[in-house]
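A.B. asks: Here's my sequence, what's the structure:
(4 chains)
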Number of protein chains: 2
Amino acid sequence: MEELTERQKVILTLVTHEHINSASPVGSKVLVEKFNIGLSPATVRNEMSFLTDQGYLRQPHTSAGRVPTEKGYRFFVGRLVREREVPLSSRRRISHQFFQMRNEVEQWARLAASILADQSKAASLITAPHPEHALLKHVEFISTVGRQVLMVLVLSGGELRQRIQSLSEPIYQERLSNIGTFLTKRFQGNETWRIKNNLIDMDELELELAGWVVDEMERADSMISGEIFFDGITNVLAEPEFNDTEDARKALRVLEERTMLHDLFAKTIMNGEEGTVQVLIGGEGAWEDLRQYSIVLSKYGAPGIAFGTVGVLGPMRMAYGKTISAVRFMSGLLSDLVSQSLYDDKIIPSSEVDL
Amino acid sequence: MEELTERQKVILTLVTHEHINSASPVGSKVLVEKFNIGLSPATVRNEMSFLTDQGYLRQPHTSAGRVPTEKGYRFFVGRLVREREVPLSSRRRISHQFFQMRNEVEQWARLAASILADQSKAASLITAPHPEHALLKHVEFISTVGRQVLMVLVLSGGELRQRIQSLSEPIYQERLSNIGTFLTKRFQGNETWRIKNNLIDMDELELELAGWVVDEMERADSMISGEIFFDGITNVLAEPEFNDTEDARKALRVLEERTMLHDLFAKTIMNGEEGTVQVLIGGEGAWEDLRQYSIVLSKYGAPGIAFGTVGVLGPMRMAYGKTISAVRFMSGLLSDLVSQSLYDDKIIPSSEVDL
DNA sequence: GTTAGCACTCAAAGGTTGTGAGTGCTAAAA
DNA sequence: TTTTAGCACTCACAACCTTTGAGTGCTAAC
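C.D. replies: Sure, this is the predicted structure:
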């Protein structure tokens, strides 16, 4: 594979740029007329022909203009230095919106999804912050009916989990509360394994309840990403490439069947670094149903607290510059929120806290 | 408006039935051939003409067959006595799935949505159970960083709410825990207003924290329905009426902008009775964007605990019989779950509980 | 009241043609 | 050697026309 000349790079970039705007194949003439390169259409044609041979461009049919391939897009995105910063006024406005929502943790992801969809004019995907390894912050047992007990677990990162279990015999609420307090005191700030290895000096009931706690925490640990929030799906459907409903359905199926997204997010969280933005073009070969789409993804959060992902899904022909900076901005904002509000790496027993 | 003759009723029903299957206008000839009514096409035509005059049928264009109007559908649904029961095998299978999930309250709605979408081959909408008037079950305050405090509220119906607030000065976790215990003991099982009117004999800090509780409970009370879960949106897009993407977008916008749905659910919860299924055809004039759709809705839950809604959104041309019984079945199932697992109308102080 | 017969309507499907944007190739110009 | 003008060729797309057939309403006979 040969290196591209500077002129070829420029032409490839322009073709991609123009295609993103026009949504239709780009011909040599249009290119010459719109951007005053000092070249004739014929020359441009030769270069385009070369780029087609190299797999950067593609012709939908013999007598049509050129369209970037995945490879072409990838080159384009890699060269995109000059990202369009989110304007200061927008940044201020968005920060303010989050400030007003700062109390409602569950709303963060929803708000972020809504804003990002609006900014990028595409579909946004956000996962709620989720701790890498859950630490127990608090546990409570509440009797509901008969032998049924509602367990409420507060984990690091502010994650709440609840579950209903049946005891073998009814127990007074008072006793349940005491056990909750006892387990909280004893295991506060501990990881799952540490709790699991310290189930000693307990009576039968305490042991059973502690077992529930461990079980639920293991469940939390086994999930790599938190709940997924979407917004702006209609934005994507508005794009001309989805005039065919079949394609639209494919896209939606990806969003509905969350398994693929979970995989994707898991990978991002495990490998990625917060703050850096990655761009997956056309499913990168691996995800068949995403062939026509691109995803701009970033990890957010703070080490030792919790991580999540923020991303945008749109047609491959997407305003990458704007989207990338929007995602980066949102990622930063959410990271700040998480570290400013949810810090609780180790819960120090209250009497030792230095205020 | 005249009463319809029995024969007219039969024809209207058959036309509707046939249109639901074929998705295209129904002519007199097809009708006669398919269902052996002892009539000639000409006679049927006369009756159809009459039904058209009365507004039950409609002709897309002069030389086409007939299609039911909203009024026609309404008649059809009203007459639908013989609902197709969900087969016993499916009922068993579904009950079993819920049994396996009985511990995870948050999963109920998601599972229900998934099953209902599958059963009805349309989009399902479920709201999580939400108490009419929140009763306090438990409150906990957890210090996170600096003056930030995470408040976790457990309300009746198993609803969890969390929020982060700032104190004017940092407080030891121990003191926060004590206040949590104190407020829980004092106000357990109380409605919002009762708590609000009993904020006496407290020091400044206790009062501030109790204020947060009241505030958050008022927020919960002001919401009539819980979180909305969807599934099977792609099912709806597969229907032929959405070959035009524009129409598909309209449908999705309804689902994304939850305000309209919230209104709808609120109405259902406030007016409806659990167990009865209502069918909204073509948005019933009130909801412009739903003109082409129908919604089959039912309230579920148990009085004094919590209510939610379960529904299906599909094209107006929908298999009403199957859908109605699927919705009814699911509504019953969820009602049972709520009352069997979440009963806690009044939390009786533990020492008085009769075990 | 019911039906056969008939003229009429009109959307949808299929066929034909023209248009124009775009190409690749070749030979001349730079 | 690189660039460009010129030209023949291709092919999707839109516009137009025609055919087809399902379906109608009306009238007159049963």
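A.B. asks: I'd like to know which elements the helix ranked longest in chain A is packed against.
C.D. replies: Using DSSP state H to define each element, chain A has its longest helix at helix A:320-341. Contacts defined by 3 or more Cβ pairs under 8 Å, 6 or more residues apart in numbering or on different chains; DSSP states H and E place helix A:320-341 against helix A:70-79, helix A:88-100, helix A:105-120, strand A:277-281, strand A:293-302, strand A:306-315. C-beta here means a position set from N, CA and C on the backbone, and glycine is covered the same way.
A.B. asks: Identify each of the strands in the stretch 101-250 of chain A and give its residue range.
C.D. replies: Shown for the stretch 101-250 of chain A, the strands assigned by DSSP state E, counting those that start in this stretch span residues A:123-127, A:136-143, A:148-155, A:160-166, A:228-231.
A.B. asks: Specify the residue ranges that define each domain of chain A.
C.D. replies: A:6-79, A:88-130+A:225-341, A:136-222 (automatic domain parsing).
A.B. asks: which residues of the stretch 1-150 of chain A score low on pLDDT?
C.D. replies: Residue ranges of the stretch 1-150 of chain A with pLDDT under 70: A:1-2, A:81-82.
A.B. asks: How about the residues of it by chain B?
C.D. replies: Residues of the stretch 1-150 of chain A lying close to chain B by Cβ under 8 Å from any Cβ of the partner chain are A:102-106, A:137-138, A:140, A:142-145, A:148, A:150.
A.B. asks: Out of the residues you listed, which is nearest to DNA strand D?
C.D. replies: For those, the residue nearest DNA strand D by Cβ to the nearest atom of the strand is A:Glu106; the value is 46.1 Å.
A.B. asks: give the contact list for that closest one.
C.D. replies: A:Ala128, B:Gln162 (Cβ atoms under 8 Å, 6 or more residues apart in numbering or on different chains).
A.B. asks: nearest spatial neighbour of A:Glu208, skipping sequence neighbours?
C.D. replies: Leaving aside its chain neighbours, A:Glu208 sits nearest to A:Leu167 (7.4 Å; criterion: Cβ to Cβ, 6 or more residues apart in numbering or on different chains).
A.B. asks: got the domains of chain A as JSON lines, with distance to B:His130 columns?
C.D. replies: JSON lines is the format used below for the domains of chain A (distance: least, Cβ to Cβ, whole Å):
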{"stretch": "domain A:6-79", "distance to B:His130": "44"}
{"stretch": "domain A:88-130+A:225-341", "distance to B:His130": "14"}
{"stretch": "domain A:136-222", "distance to B:His130": "15"}
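A.B. asks: most tightly surrounded among those domains?
C.D. replies: Stretch with highest mean neighbour count among the domains of chain A: domain A:88-130+A:225-341 (a mean of 20; mean count of other Cβ atoms under 10 Å in any protein chain shown).
A.B. asks: For beta bridges, what are the partners of the nearest residue to A:Glu18 once chain neighbours are set aside?
C.D. replies: In space, and not counting its chain neighbours, A:Glu18 is closest to A:Val26: 4.7 Å by Cβ to Cβ, 6+ apart. For A:Val26, the beta-bridge partners are A:Arg66 (DSSP bridges).
A.B. asks: what's the spacing between the longest helix of chain A and its chain's center?
C.D. replies: Put simply, helix A:320-341 sits 11 Å off its chain's centre (Cα atoms, centre = their mean, to the nearest Å).
A.B. asks: Now do it and helix A:70-79, the angle between them.
C.D. replies: With axes from the mean of the first three to the mean of the last three Cα atoms, to 10 degrees applied, the angle from helix A:320-341 to helix A:70-79 works out at 60 degrees.
A.B. asks: what angle sits between helix A:320-341 and strand A:123-127?
C.D. replies: Here helix A:320-341 runs at an angle of 30 degrees relative to strand A:123-127 (the same axes, to 10 degrees).
A.B. asks: hmm, back to that, quick one: closest of the helices and strands packed on helix A:320-341 to DNA strand C.
C.D. replies: Among the helices and strands packed on helix A:320-341, helix A:70-79 comes nearest to DNA strand C, with 13.9 Å by Cβ to the nearest atom of the strand.
A.B. asks: If you count contacts, what does the closest one end up packed against?
C.D. replies: So helix A:70-79, by 3+ Cβ pairs under 8 Å, 6+ apart, packs with helix A:6-22, strand A:277-281, helix A:320-341.
A.B. asks: any idea how far it is from the chain center?
C.D. replies: Using Cα atoms, centre = their mean, the offset of helix A:70-79 from its chain centre is 22 Å.
A.B. asks: so does it get close to DNA strand C?
C.D. replies: No: Helix A:70-79 stays clear of DNA strand C (Cβ under 7 Å from any atom of the strand), getting no nearer than 13.9 Å.
A.B. asks: how close does the residue in the stretch 1-150 of chain A that chain B sits nearest to get to DNA strand C?
C.D. replies: In the stretch 1-150 of chain A, the residue that lies nearest chain B is A:Val145 (3.7 Å; Cβ to the nearest Cβ). Remark: distance between A:Val145 and DNA strand C (Cβ to the nearest atom of the strand, to the nearest Å) = 58 Å.
A.B. asks: A:Pro41 now?
C.D. replies: From A:Pro41 to DNA strand C the distance is 7 Å (Cβ to the nearest atom of the strand).
A.B. asks: next one: A:Asn190
C.D. replies: Counting by Cβ to the nearest atom of the strand, the separation of A:Asn190 from DNA strand C is 65 Å.
A.B. asks: OK, contacts around that residue?
C.D. replies: By Cβ under 8 Å, 6+ apart, the residues touching A:Asn190 are A:Leu135, A:Leu136, A:Asn198.
A.B. asks: can you do 7 Å?
C.D. replies: Contact analysis of A:Asn190 by Cβ atoms under 7 Å, 6 or more residues apart in numbering or on different chains lists A:Leu135, A:Leu136.
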